[in-house]
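A.B. asks: Structural data only, the sequence is not supplied:
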């Protein structure tokens, strides 16, 4: 691959999910000799299974209890994982580096106070002074940072407060493509010399009744007993969400070398698009994105970390794209990482990118994430990795991750 001072290197990774906390925990479970089993919670939110968050001691990255109390769980998770990425990159506590670290965060609308919502609804059609009662409840029952739900940019603000990241800050909303755009914008800015050091990522708490309600209204959730990701199409498809947070430090090659940083991998290409999902347009978009990456994806062994969500017809089209790659002469090793992490909305693409960076640094790809015939064993440990994320309704992104020579 061509080398440039503005190549985008991944120099820090923070990752937390149902499988564990940190890169080592995920690597050990995803490369074990036995078939990986997804961690599921099937009763608390029945009939919807979810992948719950591993138990975390948030005080390791958020020492002040006052800071923890004013954050919802998704914010604590994001702030915690951002701190992991900064520490992994050797930036945490370094005021000089934190001063120049730019931050791009992908966030949803924040968590609601479900108990307050329910109590407010109960006042409808109640006593004549119901409006006064509701106003009193809003003043007394919500945390200071809440106005029914948390503002999305509070995650970036709390990362700045807790970890001292004081470069530029930007927050994207928009589910899967928010996470993709956070990485894409950071990479473009590095490539064009508009920044040298970025913290990017997102967090998602799947253990939320309000989010399950919203997703169920879209008729996209999987219900009942667990089925492997690539097998759900036979029963109409569906998404199983997971509590995940992933943050990465992206850095220019020049800056990383100057400070002696140890990179995981290079982000060699990244492209995004949006199709209407009619007449296999998502598949055509993926084919077009592969052409845009061009010579950066040479024929031969290719690892494929798919962010397929389980929803139809998007998941079948992504599986068809894997077959298209094989037809074009690629020796494809497909892995659907949503099968073992769950689908994590804004955090989904950063999580896939974290797994790709980790595999590149180890020069080894993951064993199949499920036992379906869709996921064949890897044939080359040093293969480049493409990472995709498609939302259930729209938005398609593709990135290429390579080992640094």
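C.D. replies: Noted; the coordinates are in hand. The model shown is predicted, which means the values in this text are computed figures rather than measured ones.
A.B. asks: If we go by neighbour counts, what in stretch 180-197 is buried?
C.D. replies: Of the residues in stretch 180-197, 180-187, 189-191, 195-197 count as buried by neighbour count, 16 or more other C-beta atoms under 10 Å. Placement of C-beta: from N, CA and C, glycine included.
A.B. asks: Could you do stretch 363-379 as well?
C.D. replies: Taking 16+ other C-beta under 10 Å as the neighbour-count basis, stretch 363-379 is seen to contain the buried residues 365, 366, 367, 368, 369, 370, 372, 374, 375, 378.
A.B. asks: just to revisit the earlier point, out of the buried residues of stretch 180-197, which are inside helices?
C.D. replies: Cross-referencing the buried residues of stretch 180-197 against helices under DSSP state H gives 180, 181, 182, 183, 184, 185, 186, 187, 189, 190, 191.
A.B. asks: Residue 254: which of these is nearest?
C.D. replies: Closest approach between those and residue 254, by C-beta to C-beta: residue 190, at 9.8 Å.
A.B. asks: Return the residues in contact with that closest one.
C.D. replies: If you count contacts by C-beta atoms under 8 Å, 6 or more residues apart in numbering, residue 190 has them with 6, 8, 196, 198, 250, 251, 252.
A.B. asks: between these, which is nearest residue 107?
C.D. replies: residue 198 (16.0 Å).
A.B. asks: same for whichever strand or helix holds residue 24, what does it pack against?
C.D. replies: Mapping residue 24 onto the secondary structure by DSSP states H and E places it in helix 23-30. Counting contacts by 3 or more C-beta pairs under 8 Å, 6 or more residues apart in numbering; DSSP states H and E, helix 23-30 is packed against strand 8-17, helix 348-362.
A.B. asks: dump the residue contacts of residue 18.
C.D. replies: Under the criterion of C-beta under 8 Å, 6+ apart, the neighbours of residue 18 are 38, 39, 40, 51, 52, 53, 54, 242, 243, 244, 341, 342.
A.B. asks: ok, it to residue 49 distance?
C.D. replies: The span separating residue 18 from residue 49 equals 11 Å under the rule C-beta to C-beta, to the nearest Å.
A.B. asks: list the residues that contact both of these two?
C.D. replies: Contact criterion C-beta under 8 Å, 6+ apart; residues shared by residue 18 and residue 49: residue 40.
A.B. asks: want to throw the buried residues of stretch 363-379 into a markdown table with secondary structure, pLDDT and distance to residue 309?
C.D. replies: Putting the buried residues of stretch 363-379 into a markdown table (DSSP: H, G, I helix; E, B strand; the rest coil; pLDDT from 0 to 100; distance: C-beta to C-beta, whole Å) gives the following:
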| residue | secondary structure | pLDDT | distance to residue 309 |
| --- | --- | --- | --- |
| 365 | coil | 93 | 22 |
| 366 | coil | 94 | 19 |
| 367 | coil | 92 | 22 |
| 368 | coil | 93 | 18 |
| 369 | coil | 92 | 14 |
| 370 | coil | 85 | 15 |
| 372 | coil | 79 | 16 |
| 374 | coil | 86 | 15 |
| 375 | coil | 90 | 16 |
| 378 | coil | 75 | 23 |
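A.B. asks: Is the nearest residue to residue 60 once chain neighbours are set aside inside a helix or a strand, and which specific one?
C.D. replies: Excluding its sequence neighbours, the residue lying closest to residue 60 (C-beta to C-beta, 6 or more residues apart in numbering) is residue 80, at 7.6 Å. Under the criterion DSSP H and E, the helix or strand holding residue 80 is helix 73-88.
A.B. asks: could you give me the average pLDDT of that helix?
C.D. replies: For helix 73-88, the mean per-residue pLDDT is 96.
A.B. asks: what does the helix or strand following that helix rub up against?
C.D. replies: Past helix 73-88, heading to the C-terminal end, the next element that is a helix or strand (DSSP H and E) is helix 95-99. The contact list for helix 95-99, computed with C-beta under 8 Å, 6+ apart, reads 86, 91, 92, 163, 164, 165, 166, 167, 197, 259.
A.B. asks: now stretch 311-323
C.D. replies: Identification of contacts with stretch 311-323 by C-beta under 8 Å, 6+ apart yields 220, 229-230, 232-233, 236-239, 277, 280, 282-283, 286-287, 304, 306, 308-309, 332, 334, 374, 388, 390-392.
A.B. asks: Just the buried ones from the residues you listed?
C.D. replies: 220, 229-230, 232-233, 237-239, 277, 280, 282-283, 286, 304, 306, 308-309, 332, 334, 374, 388, 390-392.
A.B. asks: Which ones among those residues map onto helices?
C.D. replies: Among the buried ones among the contacts of stretch 311-323, the ones falling in helices (DSSP H) are 282, 283, 286.
A.B. asks: Ignoring the adjacent residues along the chain, who's closest to the last one?
C.D. replies: Okay, so that is residue 286. Using C-beta to C-beta, 6+ apart and skipping the chain neighbours, the partner closest in space to residue 286 is residue 321 (4.4 Å).
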